[in-house]
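A.B. asks: A predicted structure for the sequence below; I have some questions about it.
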Amino acid sequence: MKALVDLGHHVEGVDTEPPHVRNLQRRFFYRLSGKLFRLGLNAFGPKDLARANEAIIKKTKNERWDVLWIDKGLTIDAKTLSEAKARNPACRIVGYSPDDMFARHNQSRQFLEHISFYDIFFTTKSYNVPELRSLGCQRVEFVGNAFDPRIHRPRNVSSSERSRLGGPVGFIGDYERNRASSMYHLSKKGIQVRVWGPNWQKCRLESQNLRVELQSLWGEDYAKAICSFDINLCFLRKANRDLQTTRSVEIPACGGFMLAERTQEHLELFQEGKEADFFDCDEELVDKVRYYLSHEEERKRIAAAGRERCLTSGYSNQDRLRKMFDLVME
């Protein structure tokens with residue numbers, strides 16, 4: 001939203017989950033309805049606790065808009081988009097999500113009901129393009145992930161910050177069994193690995209070289225942690241069928257050295273061995289971690305080149321959105 005303002009647009013936001021709806025009781029009912037939906041009970045959908053539908057209708061009733069941007073609108077009703085379009089016929093209804101929206105765990109009843117109202121939907125999942133069309137979306141465009149230049153930039157971290165946040169090898173992200181297994185494999189080879197993120201209490205693998213921090217990192221601490229690791233691991237979420245993720249550009253944008261799972265989309269984003277490096281299996285992961293831990297200058301050259309690629313190839317929020325809005329306003 002800030003990037004759109006940077007580009008000269010007038011933007012007003014409607015928060016679908018403001019702080020006052022995040023208490024445990026309301027969160028419980030929200031998750032319960034999502035669970036019922038994933039079990040196949042389509043009558044259930046997350047309740048609009050933030051009254052976002054009401055706010056959208058009010059704003060479109062009182063003012064004229066060029067674009068109504070819906071960011072993963074799981075609680076937005078089809079009726080709301082219908083009314084918005086009726087009052088503002090020239091308004092483009094734009095959808096966006098960084099998640100796999102064909103996967104049921106990312107959907108909602110409301111999303112499936114309103115998907116046909118989008119004039120254009122942007123997805124960071126290339127395979128979602130034909131899939132979302134099959135659900136009734138008129139036009140779907142693939143766009144790569146992006147970084148926020150305000151946050152994702154190189155930092156000079158102190159020794160105390162490095163001790164608090166970083167280490168030789170690190171990963172920042174949610175628990176998933178495959179990635180836990182790979183990092184456990186690294187730790188059993190004598191490599192120190194530190195993990196930040198939610199849901200890691202599910203991990204039952206223990207090693208003296210595997211340090212799991214049971215909390216998430218956001219904003220400044222997230223960027224500083226990336227700059228505090230010699231090697232930043234980039235695992236992809238199997239539940240979302242990822243071929244790239246936000247980490248894929250955020251790590252290099254911070255000037256961090258990235259060692260990521262090898263995919264065609266990663267290879268298109270960064271030149272292997274020159275702007276980032278990649279692995280296919282645990283054995284290759286171990287070999288490359290050992291190599292780069294002992295080749296500091298090469299590691300730093302690759303990290304700097306990865307940062308430069310982010311800037312010159314237009315991976316920032318502003319650059320991505322500029323191209324997206326060219327498509328929106330055609």
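C.D. replies: Great, that's in hand.
A.B. asks: And the longest helix seen in the chain, what does it pack against?
C.D. replies: Using DSSP state H to define each element, the chain has its longest helix at helix 296-312. Secondary-structure packing of helix 296-312 (3 or more Cβ pairs under 8 Å, 6 or more residues apart in numbering; DSSP states H and E): strand 229-234, helix 247-253. The way it works is simple: take the backbone N, C-alpha and C, and place the C-beta from them, glycine included.
A.B. asks: List the strands paired with the first one, with their directions.
C.D. replies: Read that as strand 229-234. With DSSP bridges as the test, strand 229-234 is paired with strand 167-172 (parallel), strand 258-261 (parallel).
A.B. asks: Return the distance of it from the chain's centre.
C.D. replies: Its chain's average C-alpha position is 17 Å from that of strand 229-234, according to Cα atoms, centre = their mean, to the nearest Å.
A.B. asks: pLDDT (mean, whole number) over it?
C.D. replies: What strand 229-234 shows for mean pLDDT is 98.
A.B. asks: which residues of the protein score low on pLDDT?
C.D. replies: Applying pLDDT under 70 to the chain picks out residues 20-34, 36-38, 40-44.
A.B. asks: Show the contacting residues for the most centrally placed residue in the chain.
C.D. replies: Centroid-nearest residue in the chain, with Cα atoms, centre = their mean: Thr246, separated by 4.2 Å. Neighbour list for Thr246: Pro98, Asn145, Ala146, Phe147 [criterion: Cβ atoms under 8 Å, 6 or more residues apart in numbering].
A.B. asks: Let's have the strands paired with strand 229-234 in JSON lines, adding distance to Lys202.
C.D. replies: Listed next are those as JSON lines, based on distance: least, Cβ to Cβ, whole Å:
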{"stretch": "strand 167-172", "distance to Lys202": "15"}
{"stretch": "strand 258-261", "distance to Lys202": "21"}
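A.B. asks: so of those, which one's packed in deepest?
C.D. replies: Mean neighbour count (mean count of other Cβ atoms under 10 Å) peaks for strand 258-261 among those, with a mean of 25.
A.B. asks: outside of that strand, which residues touch it?
C.D. replies: Residues contacting strand 258-261 (Cβ under 8 Å, 6+ apart): 231-236, 247-248, 251-252, 266, 270, 276-280, 285, 288-289, 292, 303, 306.
A.B. asks: tell me the domain ranges of the protein?
C.D. replies: The chain breaks down into these structural domains: 2-144+317-328, 159-312 (assignment by automatic domain parsing).
A.B. asks: what's the straight distance from one end of the shortest one to the other?
C.D. replies: One end of domain 159-312 to the other measures 31 Å (Cα to Cα, to the nearest Å).
A.B. asks: Just checking the distance from that domain to the centre of its chain.
C.D. replies: With Cα atoms, centre = their mean, you get 15 Å for domain 159-312.
A.B. asks: right, and the domains of the chain - which one's nearest Arg153?
C.D. replies: Across the domains of the chain, Arg153 has its closest neighbour in domain 159-312 (6.4 Å, Cβ to Cβ).
A.B. asks: Strands of the protein, start to end?
C.D. replies: 67-71, 92-97, 120-123, 140-142, 167-172, 193-196, 210-213, 229-234, 258-261, 277-279 (DSSP state E).
A.B. asks: Switch those strands over to TSV; also include distance to Leu4.
C.D. replies: Compiled in TSV, the strands of the chain are given as follows (distance: least, Cβ to Cβ, whole Å):
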stretch	distance to Leu4
strand 67-71	8
strand 92-97	11
strand 120-123	13
strand 140-142	17
strand 167-172	26
strand 193-196	29
strand 210-213	34
strand 229-234	27
strand 258-261	27
strand 277-279	33
